Each structure stands twice: as C-alpha cells, then as structure tokens.
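Student: just the structure for this:
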Amino acid sequence: MPATGAGLRVIHQDDRLLVADKPAGLLCVPGRGPDKADCLSARVMAHCLDAMVVHRLDMGTSGLVLFGRGPHMQRQLSMAFARRQVHKRYEAVVAGLVANEHGEIKLPLITDWPNRPRQMVCHERGKPSLTRWRVISRDKLAGTSRLALEPVTGRSHQLRVHLAAIGHAIVGDELYAPEAWVQGRPRMLLHACSLVLEPVTDAGACAFDSPVPF
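Tutor: The predicted structure is shown next:
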C-alpha cells in the first residue's frame, strides 16, 4: 500500500522490493559531508531497514526509484537492470519545438573529467548510449516540447546530455541547458514516471507509475 510520511512517499512495498517516489532536489544516496546526509536511501531505510539501493536518479530528477529487500534481492534486481529487464520511461520538457514526432539518439558518452560531474559526447572513447524519444505535445507560446523518453542504456546523465547534444536541452538543467532555459526555473523538468520490471522471481512482472508533477 502507498505510504507517505517523514518526507518519503512509498508507492509499493512487498517482501521483495520497495518503490519510492523521489522529489526533485533530494539526493538518492548520501553525499560527502554532514550537510548531504539526508537522502532518499536514508529515508527509505528509516522506514524499511533492509531496503537497499538498486539504481539512482540525479538530484534534480524526480520520480520512481527501486530498492531491493535484502542483499539477495538487491543482486537480483541489479542483474535485471544489467540484462535490460527493467524498462524505465521518463517525461521531460525541453527547449525548442522538436521537429519530428519520434526518434533515437545514438551518441557515445564519457565523463568530462576536468569538469566532473559533467558527462560529454566522445566518439573516440565514449560508451555506446541509446535514447528513444517521442513527442507528447508542443507549446508554441513557450517554445518548448514535452517528450516521453526511454533510456535503453543507463549512462550517467544520459538523457540530459543526449537532449542537449541535439539542441533540445531539458528546461531547468543547470549543467547542460543554456542559461536562458535555467533562470527562474524552480527545478529541472525531468521525471521518472514509469518503471516496468520483467519477472526476476516467480512473482511475475510488475509495473509502477508516478504522475508527472510539472
């Protein structure tokens, strides 16, 4: 049953896994220093002691995060991610009016070491990365497009870098969007809205959704 309290919204919990809805601006795991101790994983563990992190969202991204109950399920779910048995969909508002209705972005990514945590496109040394996208709507007055996004690979900052690379940075993205698309924005407009898990145990497949808050 969904549960809300102490800055935590749990949308599903059973003896195998837990799914939480992370707000924008909250770390997934602790950062360096006592001022960065508050995070989603700490809040989840206070609610469910054996819940263990399986994957992460960027601090500025909101939406669904999956936790395994205990080390065995954490390993099972981590392997499911590696085998691409977990399908995630995001929704974003991006700068500009996207011309086509759908498409793919195939650009190799690598860490921009002198400018960490930034990532960058690198055709020589980058890891293969694939994002599928589809236009949901366009706002001609605002000059923005709303996209459904499917990261087929799971590189750090993949959606953010891929969209910026094709000239449609995510609105509010302080790392990759032009300043005009960041100023006055309360948050980055990126939300993990759907998570579908193929069967990794005899319990079968499961799907979870989170309404987009923007």
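Student: residues making contact with stretch 65-78?
Tutor: 14-22, 28, 40-41, 44, 48, 50-57, 86, 192, 195, 197, 200-201 (Cβ atoms under 8 Å, 6 or more residues apart in numbering). Quick note: C-beta positions are derived from backbone N, CA and C, even for glycine.
Student: out of those residues, which are buried?
Tutor: Among these, those classed as buried by neighbour count (16 or more other Cβ atoms under 10 Å) are 16-22, 28, 40-41, 44, 48, 51-57, 86, 192, 195, 197, 200.
Student: before we move on, back to that, mind checking which of the contacts of stretch 65-78 land in strands?
Tutor: 17-22, 51-53, 86, 192, 195, 197 (DSSP state E).
Student: with pLDDT as extra columns, can I get these in JSON lines?
Tutor: Listed next are the ones in strands among the contacts of stretch 65-78 as JSON lines, based on pLDDT from 0 to 100:
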{"residue": "17", "pLDDT": "95"}
{"residue": "18", "pLDDT": "97"}
{"residue": "19", "pLDDT": "98"}
{"residue": "20", "pLDDT": "98"}
{"residue": "21", "pLDDT": "98"}
{"residue": "22", "pLDDT": "98"}
{"residue": "51", "pLDDT": "98"}
{"residue": "52", "pLDDT": "97"}
{"residue": "53", "pLDDT": "96"}
{"residue": "86", "pLDDT": "95"}
{"residue": "192", "pLDDT": "98"}
{"residue": "195", "pLDDT": "97"}
{"residue": "197", "pLDDT": "94"}
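Student: where does the record place the domain boundaries for this structure?
Tutor: The chain breaks down into these domains under automatic domain parsing: 3-84, 89-190.
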